[in-house]
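Q: Here's my sequence, what's the structure:
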Amino acid sequence: MLSSKQLHERRAKRNRYQIAQKSHGRLRLSVYRSERHISVQIIDDKEGKTLVAASTLEADILKKVKSGANKAAAKVIGQLVAERAIKAGIKEVVFDRGGYVYHGRVKELAEAAREAGLSF
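A: Numbering: from 1, shown residues only. Below you'll find the predicted structure:
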């Protein structure tokens, strides 16, 4: 029997394989979700560099949200990463949910990023 961590890693690997097959060289919007925080990065896989990032660990974000582990915080982070990406000249990305289910905080982050102008 596989542990929950091993199942999560398996889902993440499967998701990234599918992204690599279908992304056509677009940048990857990668989500990391913990119990207390959520963070997101836009990654250029060809060069292996993070171009834009946002997290609830940032001091100014912690002042805006009550908790880093709810849908409201995910929405703020989604809007912030989209603003930073557009400022950096990035408009199209491919969404990498990792091993997380597209539900709750992950879904809220994705929808907020779309509303703020990112296309994926």
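Q: chain center to the helix-or-strand element of the chain with minimal mean pLDDT: distance?
A: Ranked by mean pLDDT, DSSP states H and E, the helix or strand of the chain with the weakest confidence is helix 59-64, at a mean of 91. Distance of helix 59-64 from its chain centroid, counting by Cα atoms, centre = their mean, to the nearest Å, is 18 Å.
Q: Stretch 77-95 too?
A: On Cα atoms, centre = their mean, the centre of stretch 77-95 falls 10 Å from the chain's centre.
Q: and the end-to-end length of it?
A: Distance across stretch 77-95, first residue to last, is 14 Å (Cα to Cα, to the nearest Å).
Q: remind me, longest helix of the chain?
A: helix 4-22 (DSSP state H).
Q: The next helix or strand after that helix versus helix 4-22: what angle between them?
A: Next along the chain after helix 4-22, taking DSSP states H and E as the criterion, comes strand 27-33. Angle, strand 27-33 to helix 4-22, by axes from the mean of the first three to the mean of the last three Cα atoms, to 10 degrees: 170 degrees.
Q: could you give the mean pLDDT of strand 27-33?
A: Averaging pLDDT along strand 27-33 gives 96.
Q: Name the residues of that strand that come out as buried.
A: Neighbour counts using 16 or more other Cβ atoms under 10 Å place 27-31, 33 of strand 27-33 among the buried residues. For the C-beta atoms, the positions are set from N, CA and C on the backbone; glycine is no exception.
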